[in-house]
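Visitor: okay, sequence plus prediction incoming.
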Amino acid sequence: MTKCKNCHTEFTYSQEDRDFLRKLDPIFGGYKLEIPDPTFCRDCRQQRRLSFRNERTLYRRKCDKSGKSIISVYAPDSGYIVYSTEEWWSDDWNAFDYGKDFDFSRPFFEQFNELKKSIPHLALHNVSNENCDYVNLSGFNKNCYLIHAGEYNEDCMYGTSVIKCQNSLDMINCFESRWCYEVVDVQGCANLSYSQDCTNCSDSMFLYNCRNSKNCLFSSNLRNAEYYVFNKKCTKEEYEEKLKQTNDHLLEHGPNQLHKQFAQLKKSTPHKAQQVTTYQTQRIHTKAMTVLIVRTVDI
Ligand SMILES: [Zn+2]
């Protein structure tokens, strides 16, 4: 057992783990460099790896070039020099001014860290957004707020991995959809709420793994369906009555109880062993960059 240097809990590191590391040891100029045993436990190592990419934590700080107040992924006390997105992309500074010789008598990462601390950093990793002060890792969005890893969206809020969506909020992995709310892994949907793993569905709520369906409530695994409630076919009038009841409940009590019903529904329904998709990719060439649009397609 080894004690984690970070959280001080004990963890095991087996001979099998070491044997695996030996396969990853890098070889430079014929010399094999042995990767040392970890000093952090597995959870702390995972946290350290994830903290390298700050996607969603934004700070207010000063731009080190203009002194203006800006939003950035770098905390004011991070020790990094940070320029606003506009200042960083401008021709007002020269990256070559920060070049320095490598000292072969000192460790690489020590010098790499010194270099990182000496050069200006981009406050937010964005390109060509309009009226989107609080987004990161995004491009070509308009009127969006707290969207991360998203491109070509308009009037969207609170989402990660959102591409080509409009008028939607609270979503993860949402593509080419509009008027959606609280959705996960959806594509080509419209006016869909509280739903997951849906493609080409519209005017529905609480759907799981449905395709080409509309006017449905609390249903799963539907294909080309209309007017289904709890996976049972009903008339238009019956559906509208149930929709009214659901909307009244949401207005009066919020979604918590309905979330529980939906969770029960998901538990009781057959699931695909894997969400296997193929990826259709399309490159869009712009003046500033080449953007790779990725579409997931069920197979
Ligand atoms: Zn730990």
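Guide: Perfect, thanks for sending it.
Visitor: quick one: average confidence on whichever helix or strand D203 is part of?
Guide: Here D203 is covered by strand 202-208, with elements defined by DSSP states H and E. On average, the pLDDT along strand 202-208 is 98.
Visitor: what's the local residue count around the closest residue to C44 other than its chain neighbours?
Guide: In this structure, C44 finds its nearest non-sequential neighbour in N6, 4.3 Å apart by CB to CB, 6 or more residues apart in numbering. All C-beta spots, glycine's among them, are computed from the backbone N, C-alpha and C. Number of residues near N6 (other CB atoms under 10 Å) recorded here: 14.
Visitor: likewise the one 4 residues further on?
Guide: Here the number of neighbours of E10 (other CB under 10 Å) works out to 9.
Visitor: next SSE downstream of the longest helix seen in the chain?
Guide: If you go by DSSP state H, the chain has its longest helix at helix 236-253. Going down the chain from helix 236-253, the next helix or strand is helix 256-268, by DSSP H and E.
Visitor: give the buried residues for that following helix.
Guide: By 16 or more other CB atoms under 10 Å, the buried positions in helix 256-268 come out as L258, F262, L265.
Visitor: next, the angle helix 236-253 makes with it.
Guide: Here helix 256-268 runs at an angle of 120 degrees relative to helix 236-253 (axes from the mean of the first three to the mean of the last three CA atoms, to 10 degrees).
Visitor: to the chain's geometric centre, what's the distance from helix 256-268?
Guide: The chain centroid and the centroid of helix 256-268 are separated by 25 Å under CA atoms, centre = their mean, to the nearest Å.
Visitor: could you dump it to PDB, C-alpha only?
Guide: Taking C-alpha atoms only, helix 256-268 is exported to PDB below (Å, rounded to 0.1, in the frame of the first residue of the first chain):
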ATOM      1  CA  ASN A 256     -38.900  16.700  -9.700                       C
ATOM      2  CA  GLN A 257     -41.700  14.200  -9.500                       C
ATOM      3  CA  LEU A 258     -41.900  13.800 -13.200                       C
ATOM      4  CA  HIS A 259     -38.100  13.300 -13.300                       C
ATOM      5  CA  LYS A 260     -38.700  10.300 -11.000                       C
ATOM      6  CA  GLN A 261     -41.400   8.900 -13.200                       C
ATOM      7  CA  PHE A 262     -39.100   9.300 -16.200                       C
ATOM      8  CA  ALA A 263     -36.200   7.600 -14.300                       C
ATOM      9  CA  GLN A 264     -38.600   4.600 -13.600                       C
ATOM     10  CA  LEU A 265     -39.600   4.500 -17.200                       C
ATOM     11  CA  LYS A 266     -35.900   4.400 -18.300                       C
ATOM     12  CA  LYS A 267     -35.200   1.600 -15.800                       C
ATOM     13  CA  SER A 268     -38.000  -0.500 -17.000                       C
END
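Visitor: so what touches that helix?
Guide: Outside of helix 256-268, the residues within contact range by CB atoms under 8 Å, 6 or more residues apart in numbering are Y194, Q196, F206, Y208, F218, S219, S220, F230, T246, H249, L250.
Visitor: so the residue of the stretch 101-250 of the chain found nearest the ion is in which element?
Guide: Proximity of the stretch 101-250 of the chain to the ion (CB to the ion) peaks at F109, 21.0 Å away. Take DSSP H and E as the rule and F109 turns out to sit in helix 108-118.
Visitor: now do S219
Guide: Secondary structure from DSSP H and E places S219 in strand 214-220.
Visitor: please name every helix or strand in contact with that strand.
Guide: Applying 3 or more CB pairs under 8 Å, 6 or more residues apart in numbering; DSSP states H and E, we find strand 214-220 packed against strand 202-208, strand 226-229, helix 236-253, helix 256-268.
Visitor: need these in a markdown table (columns: distance to the ion).
Guide: Shown next, in a markdown table, are these (distance: least, CB to the ion, whole Å):
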| stretch | distance to the ion |
| --- | --- |
| strand 202-208 | 36 |
| strand 226-229 | 48 |
| helix 236-253 | 41 |
| helix 256-268 | 32 |
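Visitor: same list (those) but as TSV, adding distance to E87.
Guide: Converted to TSV, the helices and strands packed on strand 214-220 look like this (distance: least, CB to CB, whole Å):
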stretch	distance to E87
strand 202-208	44
strand 226-229	53
helix 236-253	45
helix 256-268	44
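Visitor: returning to what we had before: what does the helix holding F109 rub up against?
Guide: G79, Y80, I81, Y98, K100, F102, D103.
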